[in-house]
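S.K.: Dropping the sequence and predicted coords here.
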2 protein chains.
Amino acid sequence: MDEVQVRLRLLVAYHGAAFHGLAPQPGQRTVVGEIASALATVLRLDSPPEMVMSGRTDAGVHAWGQVLHVDVPVGSDPTRVERSLRKMLAPEIVVRSVEAVDTAFDARFSATFRRYRYTILNDPLPDPWLADNAWHVREPLDLDLMRLGIDPFVGEHDFSSFCGAVQDPARQTNNRRVLSGSVTRQGHDPRLVVFEIVGTAFCRQMVRSITGFLVDIGRGKRTPGEVRSVLGARDRAAAGTVAPPHGLCLWEVGYPEASPRLDRAANV
Amino acid sequence: MDEVQVRLRLLVAYHGAAFHGLAPQPGQRTVVGEIASALATVLRLDSPPEMVMSGRTDAGVHAWGQVLHVDVPVGSDPTRVERSLRKMLAPEIVVRSVEAVDTAFDARFSATFRRYRYTILNDPLPDPWLADNAWHVREPLDLDLMRLGIDPFVGEHDFSSFCGAVQDPARQTNNRRVLSGSVTRQGHDPRLVVFEIVGTAFCRQMVRSITGFLVDIGRGKRTPGEVRSVLGARDRAAAGTVAPPHGLCLWEVGYPEASPRLDRAANV
């Protein structure tokens, strides 16, 4: 197509339990597949457009702040697209906003950080409301020990011990930069423990593997002192427990303030 | 059966979306049906025992503190029953506790009050996590007006305007006693508005009808001054909006402190 196009940036929340993962797959209900199909309907496109997401989330993982971009025919009204997608995709997918952006914006490559939240139900009893939204850990967690365990992760490291299988070893490295991490018990519901981690990028299963290790520290199966040696081993087998996907949520993707964003009205 | 029996009291939470209502129905997955089947398995009974619940909840309504009683063969260990049921029924049904009680205890007739909570997501945007757990109301709610609307409900009234169809008119009255009500915006998430109501008992759809009326007050469709006349009309058609079931939760059932409860060990 040599038709003139405009780039839209979508901010999207979704509940992972309702989908077979994020990326479109033939015959499966996926988050991006649903959004692309709805866009094709709204804009009367011949086929679902290709969409670029900030990063993948595994099947079952949730997002509050997933970001995608897509190129659509010029003249497409972002406000109308936002309203239509919101109506068509709720409640499992909530389109929080749709904006026209400069074509220099790339949902994946312009991103400067990703913030994830992992929710743990730390109580002897399960909770029927949290079955799909939090990892149920019965043993009382020592949050101070978990905090000591976070420190060695911060900074740039080879995270091979905490990364799932690399799909194309020739092109990928497991070097990543963790900017910060925290563990807090929620004041409004002390059964809930939230682990938040911010990094420039994460490899596959990295947040869930780090969470699993920290929970093992919190329940006394590992020690904070082991983190450095496990990182140093660069061996998947060294890390152990991978936290289940349903406690994890992609909370926010950061972009430079300077990221040129066109005024919505300019494209109406 | 003239076998000697012991009475167990069960405290149970469940997520309404997973079941076709509460009471056992042939061929349907119901809350009490599941509990009774599990009990039959644990205690090796010939058939699921009859269970008495504090009160019915409509299909889709949740409970955090539903109470049931059941008579089981003497010698049944409440601690073992508790553990087994918890394991078999989680995560949709969570058996919070099982205790042996005096046969004078009746889950329905010993109850002195019921406390319900209705959760409203009051925000322009839906939330994928709350789709089954809160009523999404887009228009901003005026909580002060809603509070004024609660006052006339408190006390003993004929609630016919706020009650679903009476199944056996000869035996039932729609006179009920509301003890208190409140509306609060949640500090940890200001999108959430919780309406809590306590009464000695409620007729069918009563909490959902009152909630619907209060929300109509909050969004300016009705006024607090109309409550008395609608109550006085004793006419179902006068009330209007019935809030959907998925925002409602039976939070607590109250019993007299003096309710004779045997020590667990006594029946082991």
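M.R.: Yep, it's here. Numbering: from 1, shown residues only, chains lettered A, B, ... in the order given.

S.K.: Spell out which parts of the stretch 151-268 of chain A neighbour chain B.
M.R.: Taking Cβ under 8 Å from any Cβ of the partner chain as the contact definition, the stretch 151-268 of chain A meets chain B at A:186, A:187, A:188, A:189. C-beta coordinates here come from the backbone N, C-alpha and C atoms, glycine included.

S.K.: for residue A:91, what are its contacts?
M.R.: Contacts of residue A:91 were listed using Cβ atoms under 8 Å, 6 or more residues apart in numbering or on different chains, and they are A:15, B:126, B:127, B:128, B:131, B:136.

S.K.: Most neighbours among the residues you listed, which one?
M.R.: residue A:15 (24 neighbours; other Cβ atoms under 10 Å in any protein chain shown).

S.K.: List the pairing partners of the helix or strand containing residue A:12 within its sheet, with orientation.
M.R.: Assessed by DSSP states H and E, residue A:12 sits inside strand A:5-14. Using DSSP bridges, strand A:5-14 pairs in its sheet with strand A:62-73 (antiparallel), strand A:93-101 (antiparallel).

S.K.: right, and the helix or strand after it?
M.R.: helix A:31-42.

S.K.: picking up where we left off before, now, the most widely separated pair of the residues of the stretch 151-268 of chain A next to chain B?
M.R.: Based on Cβ to Cβ, the longest span within those runs between A:187 and A:189 and measures 7.9 Å.

S.K.: Identify the contacts common to those two.
M.R.: residue B:188.

S.K.: Looking at the residues of the stretch 151-268 of chain A next to chain B, spot the one nearest residue B:180.
M.R.: Comparing these against residue B:180 with Cβ to Cβ places residue A:188 closest, at 21.9 Å.

S.K.: which ones are touching that closest one?
M.R.: Residue A:188 touches B:186, B:187, B:188, B:189, counting by Cβ under 8 Å, 6+ apart.

S.K.: secondary structure element for it?
M.R.: Using DSSP H and E, residue A:188 sits within no helix or strand.

S.K.: And the pLDDT at it?
M.R.: According to the per-residue confidence, residue A:188 scores 92 in pLDDT.

S.K.: ok, now the one 5 residues further on?
M.R.: Here, the pLDDT recorded for residue A:193 equals 98.

S.K.: for the stretch 151-268 of chain A, what spans make up the strands?
M.R.: Using DSSP state E, counting those that start in this stretch, the strands of the stretch 151-268 of chain A run over A:155-158, A:175-185, A:192-199, A:248-254.

S.K.: in what helix or strand does residue A:81 lie?
M.R.: Assigned by DSSP H and E, residue A:81 belongs to helix A:78-89.

S.K.: picking up where we left off before, tell me which of the strands paired with strand A:5-14 approaches residue B:255 most closely.
M.R.: Taking Cβ to Cβ, strand A:62-73 is the member of the strands paired with strand A:5-14 nearest to residue B:255, at 38.9 Å.

S.K.: Pull the contacting residues for the spatially closest residue to residue A:203 that is not a sequence neighbour.
M.R.: What sits nearest to residue A:203 in space, not counting adjacent residues and going by Cβ to Cβ, 6 or more residues apart in numbering or on different chains, is residue A:163, at 3.9 Å. Neighbour list for residue A:163: A:174, A:203, A:204, A:205, A:206, A:209, A:236 [criterion: Cβ under 8 Å, 6+ apart].

S.K.: which one of residue A:187 and residue A:189 has more residues nearby?
M.R.: Taking neighbours as other Cβ under 10 Å, residue A:187 and residue A:189 compare with residue A:189 leading, 12 against 9.

S.K.: Reformat the contacts of residue A:163 as TSV; add pLDDT and distance to residue A:121.
M.R.: TSV is the format used below for these (pLDDT from 0 to 100; distance: Cβ to Cβ, whole Å):
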residue	pLDDT	distance to residue A:121
A:174	90	30
A:203	90	27
A:204	89	25
A:205	92	21
A:206	94	22
A:209	96	20
A:236	84	27
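
S.K.: ok, of the residues you listed, which one's closest to residue A:56?
M.R.: Distances from residue A:56 to the contacts of residue A:163, taken by Cβ to Cβ, are shortest for residue A:204, at 7.5 Å.

S.K.: so what's the spatially closest residue to the closest one that is not a sequence neighbour up against?
M.R.: Using Cβ to Cβ, 6+ apart and skipping residues adjacent in sequence, the residue nearest residue A:204 is residue A:164, 3.8 Å away. Residue A:164 sits next to A:203, A:204, A:205, A:206, A:209, A:236 when contact means Cβ under 8 Å, 6+ apart.

S.K.: Now the buried members of those.
M.R.: The neighbour-count test (16 or more other Cβ atoms under 10 Å in any protein chain shown) marks A:203, A:204, A:205, A:206, A:209, A:236 as buried among the contacts of residue A:164.

S.K.: Surely residue A:201 and residue A:116 touch.
M.R.: No: with contact defined as Cβ atoms under 8 Å, residue A:201 does not count as touching residue A:116 (11.3 Å).

S.K.: Comparing the two, which residue is more hemmed in?
M.R.: The residue with more neighbours, out of residue A:201 and residue A:116, is residue A:116; 24 against 16, by other Cβ under 10 Å.

S.K.: helix, strand or coil for the more buried one?
M.R.: Recorded secondary structure, residue A:116: strand (DSSP: H, G, I helix; E, B strand; the rest coil).

S.K.: give the contact list for it.
M.R.: Contacts of residue A:116 (Cβ under 8 Å, 6+ apart): A:196, A:197, A:198, A:202, A:207, A:248, A:249, A:250, A:251.

S.K.: and what of residue A:98?
M.R.: The neighbours of residue A:98, taking Cβ under 8 Å, 6+ apart as the test, are A:8, A:9, A:10, A:11, A:78, A:79, A:81, A:82, A:85.

S.K.: Hmm, the last one is touching residue A:39, no?
M.R.: Just to be clear, that refers to residue A:85. Yes: judged on Cβ under 8 Å, residue A:85 makes contact with residue A:39 at a distance of 6.9 Å.

S.K.: rewinding a little: now tabulate the strands of the stretch 151-268 of chain A in JSON lines and tack on mean neighbour count.
M.R.: Output for the strands of the stretch 151-268 of chain A, formatted as JSON lines (neighbours: other Cβ atoms under 10 Å in any protein chain shown):
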{"stretch": "strand A:155-158", "mean neighbour count": "14"}
{"stretch": "strand A:175-185", "mean neighbour count": "16"}
{"stretch": "strand A:192-199", "mean neighbour count": "22"}
{"stretch": "strand A:248-254", "mean neighbour count": "23"}
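
S.K.: Which of those strands sits closest to residue A:140?
M.R.: Closest among the strands of the stretch 151-268 of chain A, using Cβ to Cβ: strand A:192-199, at 10.2 Å.

S.K.: Dihedrals phi and psi, residue A:111?
M.R.: Taking degrees, to the nearest 10, you get phi -70, psi 130 for the backbone angles of residue A:111.

S.K.: Distance-wise, check it relative to chain B.
M.R.: 22 Å (Cβ to the nearest Cβ, to the nearest Å).

S.K.: how many neighbours does that residue have?
M.R.: Neighbours of residue A:111 under the rule other Cβ under 10 Å: 18.

S.K.: ok, it to residue A:16 distance?
M.R.: Going from residue A:111 to residue A:16 by Cβ to Cβ, to the nearest Å gives 20 Å.

S.K.: and what of residue A:153?
M.R.: Residue A:153 sits 24 Å away from residue A:16, going by Cβ to Cβ.

S.K.: Residue A:246 against residue A:135, yeah?
M.R.: Yes: the criterion here is Cβ under 8 Å, and residue A:246 meets it with residue A:135 at 7.1 Å.
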